[in-house]
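> whatever this is, show me its structure:
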Amino acid sequence: MTKGRNTDTVPSAESLAQAARSATKKGPPPVHLWNPPFCGDIDMRIARDGTWFYLGTPIGRPGLVGLFASIIKREGDAYFLVTPVEKVGITVDDAPFVAVDFEQVDDALEFVTNVGDTVRAGPDHPIRVVRDPETGEPSPYIHIRANLEALIDRKSFYRLVDLGEHGQHEGKDWFGLRSQGVFFPVIPSEELP
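Have a look, this model is predicted:
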């Protein structure tokens, strides 16, 4: 978050929510088409576990969280809430969403997020796994929309591993996941115990 900002010009969460409600009356807001001027940073944070905070306090209303989640936009490594006329920076600890469950539907892995988005892993919604260079601990993600991802929660990832298989990726043997005919590498086969 940027320090020393002029808080007089930064919209409040309430004004953003009101603008988002107006924008979502006819379906999902076309956030990708909006490029309003930057108004500054707002004291809003999304924790790694998917909890949204405003002014240091968890936002306890799921409907309000869903409303804010519908107007989030990523540019580079920065995250913003946007309306047709306002753009404010927010802090995201890891990913803006958390994939809290999945089920196998035909040949697809269908995920649901903490804010109610549902996507099927495949060419348009790839899964990627980042491993901590020091501990080797995996952090799995699935693409949700635009360039926004969800961190796949631990319980779901453990269930996914049970569905894993060996396959080829870039000429090497990998253990990974398959959904809609696409193989997503998780760990090189040679590193498995």
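
> let me see the contact set for residue 62.
Listed by CB atoms under 8 Å, 6 or more residues apart in numbering, residue 62 has no contact partners. Placement of C-beta: from N, CA and C, glycine included.

> any figure for the gap between it and residue 191?
Applying CB to CB, to the nearest Å, the value for residue 62 to residue 191 is 39 Å.

> equivalent analysis for residue 126, please.
Applying CB to CB, the value for residue 126 to residue 191 is 21 Å.

> which one's more surrounded, the two?
Counted by other CB atoms under 10 Å, residue 126 and residue 191 do not tie: residue 126 has more neighbours, with 14 against 10.

> quick one: the more buried one and residue 144 touch, right?
No: with contact defined as CB atoms under 8 Å, residue 126 does not reach residue 144; the gap is 10.9 Å.

> tell me if residue 161 really is in a helix.
Yes: the assignment for residue 161, made by DSSP: H, G, I helix; E, B strand; the rest coil, places it in a helix.

> so who does the closest residue in space to it that isn't next to it in sequence touch?
Leaving aside its chain neighbours, residue 161 sits nearest to residue 186 (7.4 Å; criterion: CB to CB, 6 or more residues apart in numbering). Counting by CB under 8 Å, 6+ apart, residue 186 makes contact with 129, 138, 140, 161, 164, 174-177.

> of those, closest to residue 101?
Distance ranking of those against residue 101, using CB to CB, places residue 140 first at 13.7 Å.

> okay, the closest one: pLDDT?
Here, the pLDDT recorded for residue 140 equals 98.

> just checking, it touches residue 128?
Yes: counting by CB under 8 Å, residue 140 touches residue 128, with 7.4 Å between them.
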